[in-house]
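Asker: give me a 3D structure for the following:
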Amino acid sequence: SGTALNVNIRNGQRHVQLARGEAFFEVQHDPQHPFQVDGRYSNTRVLGTRFVVRENADSDIVSVVSGVVEVSRDRQNPATLKANDSIAVDARHQSEVSHQPTGNATAWLKGSASFDNAPLKEVIAEIGRYRRGSLIIRNQALQNLKVSGRFDIRDTDKALESLQQTLPIRIYRLTPWLVLIA
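Answerer: Next up, the predicted model:
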């Protein structure tokens, strides 16, 4: 889904830089070889865990499936996250830790994307990560329509069709690489 990583393993350190996108990590605890993931805004120090780091346009989201991580902004005042905890970190601050099931954060690992009352623009942006070309919402008034559901990201045309069947929108496929939503 457009993910890019820089990996640096040397001098007893395991360091990953998430340049863009989203990545799932399953890390064995090894005090002799610390593991760290840096997003655009977040720094995650791993203490042995399974977790997701996702870079959005204006923040990084860290969600823990199991184990424990420490997350901070600029390596200051780290928050400790355990299973089912999430935190958002942006250019200015980090949110409070929220506790909720990580099913939505890891749904993409099983080929789906889940939304609960999300704006249509967010849903279209997510579906767009899994297809070639562009998805454009032409009518600004449609961007904030609320969407809840689970969509198959392996078949984005089917996902778009489902949206058209349940929302007051029309899908126009101008080319295989350009889809307009009006």
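Asker: the chain: strands as residue ranges?
Answerer: Here the chain has its strands, by DSSP state E, at 4-10, 13-20, 22-27, 35-38, 42-55, 60-73, 76-81, 85-89, 98-99, 112-119, 134-137, 146-152, 171-175, 178-181.
Asker: who does the last one pair up with?
Answerer: Strand 178-181 pairs in its sheet with strand 134-137 (parallel), strand 171-175 (antiparallel), by DSSP bridges.
Asker: what does the second one give?
Answerer: Paired neighbours of strand 13-20 in the sheet (DSSP bridges): strand 4-10 (antiparallel), strand 35-38 (parallel).
Asker: only the buried residues of it, if you could.
Answerer: By neighbour count on 16 or more other CB atoms under 10 Å, the buried set for strand 13-20 is 14, 16, 18. C-beta coordinates here come from the backbone N, C-alpha and C atoms, glycine included.
Asker: for the chain, what helix or strand is lowest in average pLDDT?
Answerer: helix 103-106 (a mean of 78; mean pLDDT, DSSP states H and E).
Asker: contacts for it?
Answerer: Applying CB atoms under 8 Å, 6 or more residues apart in numbering, the contact partners of helix 103-106 are 24, 52, 54, 61, 63, 65, 86, 114-116.
Asker: how about Ser112: what's its closest non-neighbour residue?
Answerer: Arg150 (5.1 Å; CB to CB, 6 or more residues apart in numbering).
Asker: and that neighbour, bridged to which residues?
Answerer: Applying DSSP bridges, one finds that Arg150 bridges with Ser114.
Asker: quick check: it touching Ala113?
Answerer: Yes: shown here, Arg150 and Ala113 form a contact pair, counting by CB atoms under 8 Å, at 7.2 Å.
Asker: looking at the two, which is more packed in?
Answerer: Ala113 (21 against 16; other CB atoms under 10 Å).
Asker: and that one, how far is that from Arg45?
Answerer: 28 Å (CB to CB, to the nearest Å).
Asker: then Ala19?
Answerer: Distance from Ala19 to Arg45, by CB to CB: 19 Å.
Asker: and the spatially most central residue of the chain, bridged to which residues?
Answerer: A centroid search over the chain (CA atoms, centre = their mean) returns Arg54, at 3.7 Å, as the residue closest to the centre. In this entry, Arg54 is beta-bridged to Glu22, Ile61, by DSSP bridges.
Asker: now swap in Glu70 and tell me
Answerer: Under the criterion used (DSSP bridges), Glu70 bridges to Arg45, Thr80.
Asker: these two touch, right, it and Gln76?
Answerer: No: with contact defined as CB under 8 Å, Glu70 and Gln76 do not form a contacting pair (11.5 Å).
Asker: which of the two has more neighbours?
Answerer: Set Glu70 next to Gln76 and count neighbours by other CB under 10 Å: Glu70 wins out with 16 against 8.
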